[in-house]
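S.K.: Quick one, what's the 3D model for this:
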Amino acid sequence: MKISFGIIVIDGMPFIKHQLMLIYPYAHEIIICEGGDDVWEQLHGYRHSKDKTLASIKNFPDPENKICFLQKRWKRKNDMCHEYSRVASGDIIWHVDVDEFIDPRHVPYMVELFQRYPEYDAMAPRQIVLWGDTGTIIGAVDIENEHVVIEFPGIDRIYRRKEGLYINHLPLRGYFDPSEKRIIGAKLFPDELLCQRDIYNFHFSYVLPKSVKNKMKYYQQRTPGSTRPGWYENVFMRFSEKREEWIESQFDVGPIDTKNGYHFPFVLKPLHKSLPACFKDLEKDIIHEIGK
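M.R.: Alright, predicted model coming up:
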């Protein structure tokens, strides 16, 4: 089965070059939709990458002519997903958020699952969400029992390409049912098929200061008043001095007050496993970026 990877990106360094290196051997094609949407331009005042993202894409060796690069005036992030879905020709469409990584050594097994179980149409590997550095993650506190920390659920990023497929950056995703005139969620592969092989989605969501700043602007624009005042300066930027204390006390490091958005607080935990060996160069670049 052939995989079409779809990437949406703006200012994606240092992630984009590592994404391309890791997925290229497994790709039938890589469709890159670059640029910010209307919301990005409203918040930042520009539409195309200002870091080295464009150079990294342009200079990336593509001996098999797998990379398709698209730039348009995107109205929404979802439109970028619709565009790569429209032109993709693979049997599987894999949405790549630029700061999310799955160890590519698992790809052959994941393709095998699609072949073996035609009754399932999408995969949602559980997330390991990194916070502050490459050795700390966040967990979600169970609202029914504040002493229980639960894993983050998976995000359905990987779909079987078939009629009616509808990919969004944010939900809703699935297949359009003309009889019901609505999007029907895909039947997901069972968690255990992925977890038993230690397949997780490593999400470097709260690691780079520039990315976190951008995320806060986005949250505030989406729901005005939802972000905690002074959170970036008083929580995120104090991580290195407060890490051990906050892990011990289960301090809520979430950027959004639970009554304004998320239904649970975030707490810090050590990452009790090493990052996959194939991420070592990525980790070096992240540590360098944090130290700037």
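S.K.: Could I have the CA atoms of stretch 83-94 written out in PDB?
M.R.: What follows is stretch 83-94, C-alpha atoms only, in PDB (Å, rounded to 0.1, in the frame of the first residue of the first chain):
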ATOM      1  CA  GLU A  83      -6.000  20.500  -0.800                       C
ATOM      2  CA  TYR A  84      -3.500  17.800  -0.100                       C
ATOM      3  CA  SER A  85      -6.300  15.300   0.300                       C
ATOM      4  CA  ARG A  86      -7.600  16.300  -3.100                       C
ATOM      5  CA  VAL A  87      -4.400  15.700  -5.000                       C
ATOM      6  CA  ALA A  88      -3.100  12.700  -3.000                       C
ATOM      7  CA  SER A  89      -3.000   9.400  -4.900                       C
ATOM      8  CA  GLY A  90      -1.800   6.900  -2.200                       C
ATOM      9  CA  ASP A  91      -3.900   4.200  -0.500                       C
ATOM     10  CA  ILE A  92      -3.300   5.800   2.900                       C
ATOM     11  CA  ILE A  93      -3.400   9.500   3.700                       C
ATOM     12  CA  TRP A  94      -1.200  10.500   6.700                       C
END
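S.K.: Go through it and flag the buried ones.
M.R.: For stretch 83-94, the neighbour count (16 or more other CB atoms under 10 Å) marks Glu83, Tyr84, Ser85, Ala88, Gly90, Asp91, Ile92, Ile93, Trp94 as buried. (Each C-beta comes from the backbone N, C-alpha and C, glycine too.)
S.K.: next one: stretch 183-199
M.R.: Residues of stretch 183-199 classed as buried: Ile183, Ala186, Leu188, Phe189, Asp191, Leu193, Leu194, Ile199 (neighbour count, 16+ other CB under 10 Å).
S.K.: The first one should be in a strand, yeah?
M.R.: Pointing back at Ile183 there. Yes - according to DSSP: H, G, I helix; E, B strand; the rest coil, Ile183 belongs to a strand.
S.K.: isn't it right up against Tyr166?
M.R.: Yes - shown here, Ile183 and Tyr166 form a contact pair, counting by CB atoms under 8 Å, at 5.3 Å.
S.K.: what residues do the two have in common as contacts?
M.R.: Leu172, Arg173, Gly174, Tyr175, Phe176 (CB atoms under 8 Å, 6 or more residues apart in numbering).
S.K.: Give the PyMOL command for selecting the buried subset of the residues you listed.
M.R.: Command for PyMOL that selects the buried part of these, burial taken from 16+ other CB under 10 Å:
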select buried, resi 173+174+175
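S.K.: coming back round to it: would you reformat the buried residues of stretch 183-199 as CSV and include distance to Leu20, pLDDT and secondary structure?
M.R.: Formatted as CSV, the buried residues of stretch 183-199 follow (distance: CB to CB, whole Å; pLDDT from 0 to 100; DSSP: H, G, I helix; E, B strand; the rest coil):
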residue, distance to Leu20, pLDDT, secondary structure
Ile183, 30, 94, strand
Ala186, 27, 95, coil
Leu188, 27, 97, strand
Phe189, 26, 97, coil
Asp191, 29, 91, helix
Leu193, 27, 95, helix
Leu194, 24, 95, helix
Ile199, 21, 95, coil
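S.K.: and the two most separated of those residues?
M.R.: Ile183 and Ile199 (26.0 Å; CB to CB).
S.K.: Sort out for me which of the shared contacts of Ile183 and Tyr166 are in strands.
M.R.: Mapping those onto strands (DSSP state E) picks out Gly174, Tyr175, Phe176.
S.K.: where do the helices sit along this structure?
M.R.: Secondary structure of the chain, counting by DSSP state H: helices at 15-23, 38-44, 53-59, 77-87, 107-116, 191-195, 209-222, 231-234, 239-249, 280-290.
S.K.: roughly how far out does the first one sit from the chain middle?
M.R.: If you compare the mean C-alpha spot of helix 15-23 with that of the full chain, they lie 13 Å apart, counting by CA atoms, centre = their mean, to the nearest Å.
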